[in-house]
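Visitor: Generate a structure from the sequence data that follows.
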Amino acid sequence: MFLIALIPGSLFSQQVRVGERLEFNLKYGIIPAGHSSMKVVGIEDVHGHTTYKIESRTRSSGFVDTFYKVRDEITTWIDTTSLATVQFTKTLHEGKYRKNYSVWFDYEKMMAYSTEDTLEINSQMQDVLSLFYYIRSLELAAGDTIKLKNYDNDKISPFFLRVSGKERMVVPAGSYTCFVIQPFADSDFLFKYEGEAKIWLSMDRRRLPVYVKSKASFGSMILELEKYVPGKY
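Guide: Numbering: from 1, shown residues only. As a prediction, this is how the structure comes out:
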């Protein structure tokens, strides 16, 4: 039996800075596979909200690009106060897989309007990209468990993030002491998916995503921080 201490989503620092850019090396196991980036492009008014516009681009290269081409583009607009997703779009090209999808959330009517459906929601939502920025803004301590909701492909997926410990990581961007964070599905057996993914988040006030490891169909996909460009404070 697991004892879970849920902590509120209280922000300790507004870790969204216009102009900030995070650049990552992409690997499949030990094989170099390409590059990925996250950038806070600017501030825009979207559906009555003042939002940060954030873009992510992932490109395969070299040997991997010849047999499994990746050209992913994700854009999210998150409320500057709550850091909840207001609008989210993605264009995915991964091997033979293709997906174009967009959704925006009306928090007054508590509805989600996507390119495929209209659904009711009961709380603020996060997407796969906004989650990184929301997590970076939380007060964290080893042993904490945080409950969140991810919205994608017209599906709400409740899940937990557990701060499982601390670890020193050395990546091309430098050496960092990090929190080790593991996501888990919200199921009858909370830790059913242990080991599926891990995020190493620097313990300094920048809360940089230094290293990300997740299971892929042919091994592990790894992102390691190569370059960090600070934004405006």
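Visitor: Now residue 65: which helix or strand?
Guide: Assigning secondary structure by DSSP states H and E places residue 65 in helix 62-67.
Visitor: in the chain, which spans are strands?
Guide: 21-28, 31-46, 49-60, 71-79, 85-94, 97-106, 111-114, 118-120, 145-152, 155-171, 174-185, 197-202, 209-216, 219-229 (DSSP state E).
Visitor: Check what contacts stretch 165-176 and list those residues.
Guide: With contacts defined as C-beta atoms under 8 Å, 6 or more residues apart in numbering, stretch 165-176 is touched by 25, 142, 177-180, 200, 202-204, 208, 210-211, 224-228. All C-beta spots, glycine's among them, are computed from the backbone N, C-alpha and C.
Visitor: Around the closest residue to residue 176 other than its chain neighbours, how many other residues sit close by?
Guide: Excluding the flanking residues, the one nearest residue 176 by C-beta to C-beta, 6 or more residues apart in numbering is residue 202, at 4.3 Å. Using other C-beta atoms under 10 Å, residue 202 is surrounded by 22 other residues.
Visitor: Show residues contacting the helix holding residue 65.
Guide: With C-beta under 8 Å, 6+ apart as the test, helix 62-67 has contacts from 28, 31-34, 70.
Visitor: which among those end up buried?
Guide: Among the contacts of helix 62-67, those scoring as buried are 28, 33-34, 70 (criterion: 16 or more other C-beta atoms under 10 Å).
Visitor: you'd agree residue 215 is up against residue 196?
Guide: Yes - taking C-beta atoms under 8 Å as the definition, residue 215 is a contact partner of residue 196 at 5.3 Å.
Visitor: that older thread, my guess is the residue nearest to residue 176 meets residue 228, correct?
Guide: No - shown here, residue 202 and residue 228 do not form a contact pair, counting by C-beta under 8 Å, at 9.5 Å.
Visitor: Now the common contact residues for those two.
Guide: residue 208.
Visitor: before we move on, the earlier item: can the strands of the chain go into a markdown table with extra columns for distance to residue 131?
Guide: Shown next, in a markdown table, are the strands of the chain (distance: least, C-beta to C-beta, whole Å):
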| stretch | distance to residue 131 |
| --- | --- |
| strand 21-28 | 14 |
| strand 31-46 | 11 |
| strand 49-60 | 11 |
| strand 71-79 | 9 |
| strand 85-94 | 9 |
| strand 97-106 | 15 |
| strand 111-114 | 16 |
| strand 118-120 | 19 |
| strand 145-152 | 7 |
| strand 155-171 | 9 |
| strand 174-185 | 9 |
| strand 197-202 | 10 |
| strand 209-216 | 10 |
| strand 219-229 | 14 |
